[in-house]
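Student: output the structure for:
(chains A, B, C and D, ligands or ions: 4)
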Amino acid sequence: MAVVTMSQALNMALHEEMARDERVFLIGEDIKDSTYGITKGLWDTYGHKRVIGTPISEAAIAGAVLGAASVGLRPVAEFMYMTFMMCAMDQVVNQAAKSKYMFGGKAVLPIVYRTMAGAGRANAAQHTQSLEAWFAHVPGLKIVMPTTPYDAKGLLKTSIRDDNPVIFIENKVQYATTRGEVPSTDYTIPFGQAAIRRAGTDVTIVALQRMNEIALEAADELAEIGIEAEVIDPRTIVPLDLDSIVKSVRKTHRVVIVHEAHERVGFGAELVAQIVQHAFDYLDAPPIRVANPNVPTPFNRTLEELSIPSAAQVVQAVRGLMR
Amino acid sequence: MAVVTMSQALNMALHEEMARDERVFLIGEDIKDSTYGITKGLWDTYGHKRVIGTPISEAAIAGAVLGAASVGLRPVAEFMYMTFMMCAMDQVVNQAAKSKYMFGGKAVLPIVYRTMAGAGRANAAQHTQSLEAWFAHVPGLKIVMPTTPYDAKGLLKTSIRDDNPVIFIENKVQYATTRGEVPSTDYTIPFGQAAIRRAGTDVTIVALQRMNEIALEAADELAEIGIEAEVIDPRTIVPLDLDSIVKSVRKTHRVVIVHEAHERVGFGAELVAQIVQHAFDYLDAPPIRVANPNVPTPFNRTLEELSIPSAAQVVQAVRGLMR
Amino acid sequence: MATIVSPIEPAIAPSLGTAPGALDRHDLTDRDLIDVYRTMLRIRRFEERVKDLFLEARLYGSVHLYIGEEAVATAACKAIGDGDVISSTHRGHGHCIAMGLETGPMMAELMGKVTGYNHGKGGSMHIASLDHGMLGANGIVGAGIPISTGAALGFWIQERPNVALCFFGDGAANQGAFHEGINFAAGLKLPVVFICENNGYAQFQSVKQDLPIEHVATRAISYGIPGVIVQGEDVLDVYGAVKEAVRRARAGDGPTLIEAKTYRFEGHFLGDPEPYRTRAEVAAARATRDPLKLFGAQLQELGVATAEDLQAIHVQIDDEMERAIEFGESSPEPPASVLLTDIFTGADEHGRAS
Amino acid sequence: MATIVSPIEPAIAPSLGTAPGALDRHDLTDRDLIDVYRTMLRIRRFEERVKDLFLEARLYGSVHLYIGEEAVATAACKAIGDGDVISSTHRGHGHCIAMGLETGPMMAELMGKVTGYNHGKGGSMHIASLDHGMLGANGIVGAGIPISTGAALGFWIQERPNVALCFFGDGAANQGAFHEGINFAAGLKLPVVFICENNGYAQFQSVKQDLPIEHVATRAISYGIPGVIVQGEDVLDVYGAVKEAVRRARAGDGPTLIEAKTYRFEGHFLGDPEPYRTRAEVAAARATRDPLKLFGAQLQELGVATAEDLQAIHVQIDDEMERAIEFGESSPEPPASVLLTDIFTGADEHGRAS
Ligand SMILES: Cc1ncc(C[n+]2csc(CCOP(=O)(O)OP(=O)(O)O)c2C)c(N)n1
Ligand SMILES: Cc1ncc(C[n+]2csc(CCOP(=O)(O)OP(=O)(O)O)c2C)c(N)n1
Ligand SMILES: [Mg+2]
Ligand SMILES: [Mg+2]
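Tutor: Ligands and ions are numbered 1, 2, ... in the order given. Model prediction:
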């Protein structure tokens, strides 16, 4: 099995799905010459009718894929940065997410909205916000957050084959640097199944996307002082595999949640609420969140680093719980 | 003291603040002939340069007030329905909310974004979504949710005098039907101070905006079976008066949270997370949320009613906790 | 050396009032013409009955009537065929009827009944029937524009010979979605026809206040596509323009922006006190710009129908409306259990794959 | 009878290349002209040094250079005065310098230092200095357009004789914010001048692909305002057009849309491999459309400066850049404590009133 980068894994999924189903097409700004290489080679292979470069018009992209899906296509739209989706919220939320319900169930809208989130490249406040909590607050959208190249490929394929609007979030720091084994064969990963990244007995760490890398680092440090952390990656947050999380917490009695979005009303809050509801009697301490503070991402790289959860913070949070 | 409707209270605040400070101006669609009477009489008094009707261009409105605030004005923008703000998210979030921080603290942006949320008038999915959780997830915005006419007037005045972008949320069902005593004199209500709507010892109910009316109804019913509920109205959710909430929960040991937005990653999740963190050892049961289910608002009025928390649901939730 | 593009709008003088010269029935057969009349009347009567029912509290919600604008939807949808689609607006009943949706399930939808097109979950502002090519009324001004561009994009990708019609109001022409949606369609020469129903008002604000130019159609220049102004009360005028635009679209020549100058006879929504216009203004329009009256006269002028023929249609339509109301009122309310269904395809309401 | 508005863009032939006829120095004194040269050169050298520093990893972030476009910002900002404001873009260094921001604190900002205009919290895409009337560079394409409309709205409400200049790219002309922002300003005749810097590309896509018409300025017709095309490499041409637009704006005649045809000599951002254009295309532009070279020649033609005079300015500017870099590099990093400050005015970072 080849070891590839996150970008390459995503690119493989797109190649395979476009070959497999001619209703699949890509649309977005500058996707012919993709900055991060995700859409590399696709225009050459599939041409201008299946790899469509658009003007800088996020609302048009978001609405156009809804229209195209309505007449039988399976669009994959790209928004370069997740913050640019703010220019398209009406189409994504009022239109794509709500149509099926408003129409009494009659719309089938197989749309993938791909985008990239996360900080760590000195892009400052308008290019770094992670908005999974917003989309999870909207009924009608599935939300996918792959952590490994293997998952990225399998989950992107599942997203494309799903008959609903899917928000597929990539982390831009991982594109070139996160590597992993990825089979060149066809496989999918079901939505709503968490991955246990590390087994442990003393504390559960639920981490979203790149924060799993941080959590595993923290777990190694914790192991050195005799604390065995179980690290869980939900992989999709809608649908959420609550069972796996609750099962782990009932075993460990403690939980730390790690994500990159702002803490206030981040998805961590939802996890706390659900864990508390379903494992109250098992908890020895309150669930703790380690997340971005409630400030926009600063440009200065030292400040930026401080604004993203670190392994040290996770270790500290766990130690706080173990006292 | 006169008894007035919610609309009238809001109208009083606008009249008084416009008279008090000539930098204050109103802008929005159809505000000359306001549907709900909030801006009634203001155009006649202050003319077309201080009461500005715009084309149907939410992004232009949201951005224009930021520009106007940058050159010394104190705008009050109106978005008819909160869902229409999805057409303006970039300007509200990437621009207005982030500018001060991005600029190293140097911007002073006294902007009020007024809007109305909530269901109950058979407007269906695209006119009813309550988005306070989204805005609370964004650093740099204050979020005000008045429940009574008295508070509406005082809090709107505070919002207009505040030097930061404020999201001022009104509930459209309350405009004509919620009445209360409102002094014709000048008064303000500080942000970050919850109101205890009813004192009680057995359970704390934290309710947002119109849900306080539901919570009080539930509290009356509960009193009949010997359960004394304390009902807390945060009034502003950013800043949040966590102290009052935690104090109450430490006394009652149980808490139910009621709001109209969708449950998943609603503001209730944040309240649960914070309460658990600060009152874990005092809790006899997990905090419970009573909120809109995770479906868009249906048109049919019976279904719509089922999609909004009811007093019966709150009573049931409390009774579940007391077992 | 600076080049001045144009300080002013090109001078255009659309001749409002009846078009001069002989009537052009285009390719419409007698039967087609009668059909058009029937559709327009069906819209008119449907809306009138909806108004009555609303005032009698027999239906509810946010309802925007299409009375006065019937010729636009009717003519435009007459110019398309199988597999073609439309997107609509908050003022969508006319578009629905023109696309062949039945008045019974429409009425049921307005009453929130389970037999409605949306099973009672959508109401007036969201009626959709993908089987009819009706992609949806829309509660968000301008939102249908990118969506119909997308449908046309789908046709273009699939190389299907279909077109999308996109209806929107004069107010919508000020939305960002208007600009982005048309611009993108123009760039790829997608098969879509943009039809602006300029009824003089965007809710309570007159188009004269909101629009810095005289005609919405002028904006076509910004996208390098033809802009056409038609008299919205003249069904044959609208038909001719849309037919030609559809032909261009199918031929791969790209979108057209058609502005139909029309007038809404009723308030913006049911309950609107209409402080922004005079009764005289409305009365004048009703007297001179009633598409139904005008077309009734044209049919007689063309010798296609007599006054008696038309009368017979009126009787049929009145009867149909009774049956539609009866259908709606006798239909059941949706059961409480459906509150949580219809969120995802192939999955339960929690989004877990089924 | 349908009226065709216009199937095609009005024919315009902007004479690219040097403007014919005698040089028009407008109202600019010798000193003004020298100042303009100095500003253009300051921008050029600043950008060149930024590029060097970036490649040497002495600064970081997402950096978009303005090289090749210097005449636009310089001329435009020369045409305004005290109390006037501008909004800018991701490619904002030139606008900052043209508004009089100092290169030291700019460099410091690009290095994330506490002495930067934004105390290191903004970086290249967010430099702002309200004291200079610079409302901010912007990381979101098109977002500055409604903001500058708003500043002009503020002037209009206060009846202050000021204007706002709004810079944006050709790519931004496809954003909804472009349409809404200009439309609203046109309706109220607000004192704002919209300046489209058409540098031929929106990131990696050529304007020919993205724009269905030849000129962005044509879009002025949609808003009933003048559209003007200028040669962006000709500083006097730009100056004349902006000066006139500013006059109109101050006189209450409303906005103007000016399109400056320009070209960016560097990649879209630092690190761009530029697969979308040939080296020959860039070399040709550098040879024939370099605003600095062209204006240097014009100054000599006008007898305002000799080659030696210009050389002396080059020495000054090079020295200034050394000092700017030195200032930036020797400045301290912001302390960790500021991570949580600057969220609210008059309150602590948690938003509690202080
Ligand atoms: C984005 C958005 N803004 C505002 C509204 C409120 N609204 C509903 S209809 C309407 C007027 C629309 O005018 P126009 O497009 O001319 O259509 P008409 O009602 O005249 O048919 C407004 C402002 C809305 N539904 N969506
Ligand atoms: C809303 C939005 N979409 C996309 C981007 C990514 N992006 C940054 S610059 C750019 C190209 C802008 O082109 P243009 O407006 O012509 O300005 P130029 O870079 O040529 O100066 C793009 C697509 C963005 N910053 N904001
Ligand atoms: Mg209208
Ligand atoms: Mg450009």
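
Student: which residues of the stretch 151-300 of chain A fall in helices?
Tutor: A:174-177, A:211-224, A:242-252, A:267-279 (DSSP state H, counting those that start in this stretch).

Student: quick one: is the last one near chain B?
Tutor: Meaning helix A:267-279. Yes: residues of helix A:267-279 contacting chain B under CB under 8 Å from any CB of the partner chain: A:267-270, A:272-273, A:276-277. From N, CA and C alone the C-beta is placed, and that goes for glycine too.

Student: contacting residues around that helix?
Tutor: For helix A:267-279, contacts defined as CB atoms under 8 Å, 6 or more residues apart in numbering or on different chains pick out A:132-133, A:136, A:206, A:208, A:237, A:240, A:242, A:245-246, A:249-250, A:255, A:257-259, A:261, A:263, A:283, A:287, A:289, A:291, B:264-265, B:268-270, B:272-273, B:276, B:286-289.

Student: narrow the residues you listed to those that are buried.
Tutor: Among the contacts of helix A:267-279, those buried by neighbour count (16 or more other CB atoms under 10 Å in any protein chain shown) are A:132-133, A:136, A:206, A:208, A:237, A:240, A:242, A:245-246, A:249, A:255, A:257-259, A:261, A:263, A:283, A:287, A:289, A:291, B:264-265, B:268-270, B:272-273, B:276, B:286-289.

Student: coming back round to it: near ligand 3, which of the contacts of helix A:267-279 show up?
Tutor: Under the cut-off given by CB under 5 Å from the ion, ligand 3 has nothing from those close to it.

Student: number of nearby residues for whatever residue of the stretch 1-150 of chain C ends up closest to ligand 1?
Tutor: Nearest residue of the stretch 1-150 of chain C to ligand 1, counting by CB to the nearest ligand atom: residue C:141, 3.6 Å away. Residue C:141 is flanked by 27 other residues according to other CB atoms under 10 Å in any protein chain shown.

Student: ditto for residue A:81
Tutor: Using other CB under 10 Å, residue A:81 has 19 neighbouring residues.

Student: by mean pLDDT, point me to the weakest helix or strand of chain C.
Tutor: Across the helices and strands of chain C, mean pLDDT, DSSP states H and E gives its lowest value to strand C:3-4, namely a mean of 67.

Student: show me which positions of the very next helix or strand once past that strand end up buried.
Tutor: Going down the chain from strand C:3-4, the next helix or strand is helix C:30-55, by DSSP states H and E. Within helix C:30-55, the residues scored as buried using 16+ other CB under 10 Å are C:33-34, C:36-47, C:49-51, C:53-54.

Student: tell me if residue C:168 really is in a strand.
Tutor: Yes: applying DSSP: H, G, I helix; E, B strand; the rest coil, one finds residue C:168 inside a strand.

Student: pull the number of nearby residues for it.
Tutor: Residue C:168: 28 neighbours (other CB under 10 Å).

Student: just list whatever residues bridge to it.
Tutor: Counting by DSSP bridges, residue C:168 forms beta bridges with residue C:196.

Student: contact partners for residue A:164?
Tutor: A:100, A:109-111, A:140-142, C:344-347, C:351.

Student: what's around the residue lying closest to it once chain neighbours are set aside, how many residues?
Tutor: The spatial neighbour of residue A:164 that comes closest, neighbours along the chain excluded (CB to CB, 6 or more residues apart in numbering or on different chains), is residue C:344 at 4.9 Å. The number of residues packed near residue C:344 is 27, by other CB under 10 Å.

Student: so how far is residue A:151 from residue C:344?
Tutor: Distance, residue C:344 to residue A:151, using CB to CB, to the nearest Å: 21 Å.

Student: swap in residue C:332?
Tutor: In terms of CB to CB, residue C:332 sits 46 Å off from residue A:151.

Student: ok, these two, which is more surrounded?
Tutor: Neighbours per residue, other CB under 10 Å: of residue C:332 and residue A:151, the larger number sits with residue A:151, 23 against 10.

Student: quick one, what contacts that one?
Tutor: A:189, A:195, A:233, A:235.

Student: domains for chain A, by residue range?
Tutor: A:2-182, A:195-322 (automatic domain parsing).

Student: tell me which of these is the most buried.
Tutor: Sort these by mean neighbour count, taking mean count of other CB atoms under 10 Å in any protein chain shown, and domain A:2-182 sits at the top with a mean of 24.

Student: close to ligand 4, is it?
Tutor: No: using CB under 5 Å from the ion, domain A:2-182 stays clear of ligand 4, coming no nearer than 9.5 Å.

Student: and that domain, anywhere near ligand 2?
Tutor: Yes: shown here: domain A:2-182 in contact with ligand 2 (CB under 6 Å from any ligand atom) through A:29, A:56, A:58, A:80, A:84, A:87.

Student: closest to ligand 1 out of these?
Tutor: Distances from ligand 1 to these, taken by CB to the nearest ligand atom, are shortest for residue A:87, at 14.0 Å.

Student: so how far is residue B:223 from the closest residue to that closest one other than its chain neighbours?
Tutor: Nearest residue to residue A:87 in three dimensions, chain neighbours excluded: residue A:58, at 4.0 Å (CB to CB, 6+ apart). Note on residue A:58: its distance to residue B:223, by CB to CB, is 52 Å.

Student: likewise residue C:269?
Tutor: Distance from residue C:269 to residue B:223, counting by CB to CB: 42 Å.

Student: just the closest residue of chain C to ligand 1, please.
Tutor: residue C:169 (2.2 Å).

Student: quick one: the strands in the chain, in order.
Tutor: All of this is about chain A. Secondary structure of chain A, counting by DSSP state E: strands at A:2-5, A:24-28, A:51-53, A:74-79, A:112-117, A:142-144, A:166-171, A:179-182, A:195-198, A:203-207, A:229-233, A:236-238, A:255-262, A:288-292.

Student: I was thinking of chain C, sorry if that wasn't clear
Tutor: In chain C, the segments counted as strands under DSSP E are C:3-4, C:85-87, C:164-169, C:192-198, C:201-202, C:205-206, C:227-231, C:256-261.

Student: what's the closest of those to residue B:69?
Tutor: strand C:205-206 (24.3 Å; CB to CB).

Student: starting at the chain centroid, how far to the closest one?
Tutor: 20 Å (CA atoms, centre = their mean, to the nearest Å).

Student: just stretch A:33-47 next, same as before
Tutor: With CA atoms, centre = their mean as the basis, stretch A:33-47 stands 22 Å off its chain's centre.

Student: now do stretch C:276-293
Tutor: On CA atoms, centre = their mean, the centre of stretch C:276-293 falls 19 Å from that of its chain.

Student: for that stretch, buried residues please.
Tutor: Those buried within stretch C:276-293 under the rule 16+ other CB under 10 Å are C:276, C:282, C:285, C:289-292.

Student: out of the residues you listed, which is nearest to residue B:40?
Tutor: residue C:276 (14.4 Å).

Student: and the closest residue to that closest one other than its chain neighbours, what does it touch?
Tutor: Nearest residue to residue C:276 in three dimensions, chain neighbours excluded: residue C:204, at 4.7 Å (CB to CB, 6+ apart). Contacts for residue C:204 (CB under 8 Å, 6+ apart) come out as B:30, B:32-33, C:268, C:272, C:275-276.

Student: which residue packs closest to residue C:227, ignoring adjacent ones?
Tutor: Nearest to residue C:227 is residue C:220, by CB to CB, 6+ apart, at 2.9 Å.
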